[in-house]
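coordinates only, sequence not included:
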């Protein structure tokens, strides 16, 4: 189920990037980004009402810096829009995915943000190198 969810997530991110890039052409970066975040908030509020309304106060039981996810989300949307506009959807998404993979592996490798530490593995480093080579080949 996790693989299917990840595949859906990747597909939705690509589609959203294209949609947001088109809205940006009409309304500008921050208006488009604000619209994306505002409509996401609307969907989340509706889903919260429909699915049983967990306790909102529990949000503040985590370390305060974890609450910056939404702020980071605004910059994710802005950078996805900018990269898709500059590179096109396919190149932008390839670079975004490799960047995500590299940062996620470093987070695991160093145990950042309370994530369980994993040992370094050469096969993962080689896999990352192959992904980067794939981007270079795709670009040319």
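All right, it came through fine. Quantities reported herein were computed from a predicted structural model and do not represent experimental measurements.

residue contacts, residue 138?
90, 91, 94 (Cβ atoms under 8 Å, 6 or more residues apart in numbering). C-betas here are computed from N, CA, C, even on glycine.

which of these count as buried?
Among the contacts of residue 138, those classed as buried by 16 or more other Cβ atoms under 10 Å are residue 94.

low pLDDT regions in the protein?
When residues are selected by pLDDT under 70, none of them lie in the chain.

can we see that at 80?
The chain contains residues with pLDDT under 80 at 139-140.

Locate the residue of it with the greatest distance from its centre.
Note on the chain: the largest C-alpha distance from the chain mean falls to residue 52, namely 26.4 Å (Cα atoms, centre = their mean).

Just want the phi and psi numbers for residue 121.
phi -130, psi 130 (degrees, to the nearest 10).

Ignore what I typed, I meant residue 120.
Dihedral angles (degrees, to the nearest 10) for residue 120: phi -60, psi 140.

Does residue 125 belong to a helix, a strand or coil?
helix (DSSP: H, G, I helix; E, B strand; the rest coil).

need the contact list for it.
Counting by Cβ under 8 Å, 6+ apart, residue 125 has no contacts.

Kindly report the same for residue 77.
For residue 77, the contacting residues are 20, 33, 36, 37, by Cβ under 8 Å, 6+ apart.

Is the spatially most central residue of the chain in a helix, a strand, or coil?
With distances taken as Cα atoms, centre = their mean, the chain has residue 76 as the residue nearest its mean C-alpha position (6.3 Å). Secondary structure, three-state DSSP: residue 76 is helix.

Can you list which of the contacts of residue 138 are found in helices?
Under the assignment DSSP state H, these contribute 90, 91, 94 to helices.

which residues of the chain fall in helices?
2-27, 29-51, 69-87, 89-110, 122-139.

closest one to residue 62 among those?
helix 69-87 (10.0 Å; Cβ to Cβ).

May I see the buried residues of that closest one?
Result for helix 69-87 [16+ other Cβ under 10 Å]: buried residues 77, 78, 80, 81, 83, 84, 85.

could the helices of the chain go into CSV alongside distance to residue 60?
Shown next, in CSV, are the helices of the chain (distance: least, Cβ to Cβ, whole Å):
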stretch, distance to residue 60
helix 2-27, 27
helix 29-51, 16
helix 69-87, 14
helix 89-110, 23
helix 122-139, 36
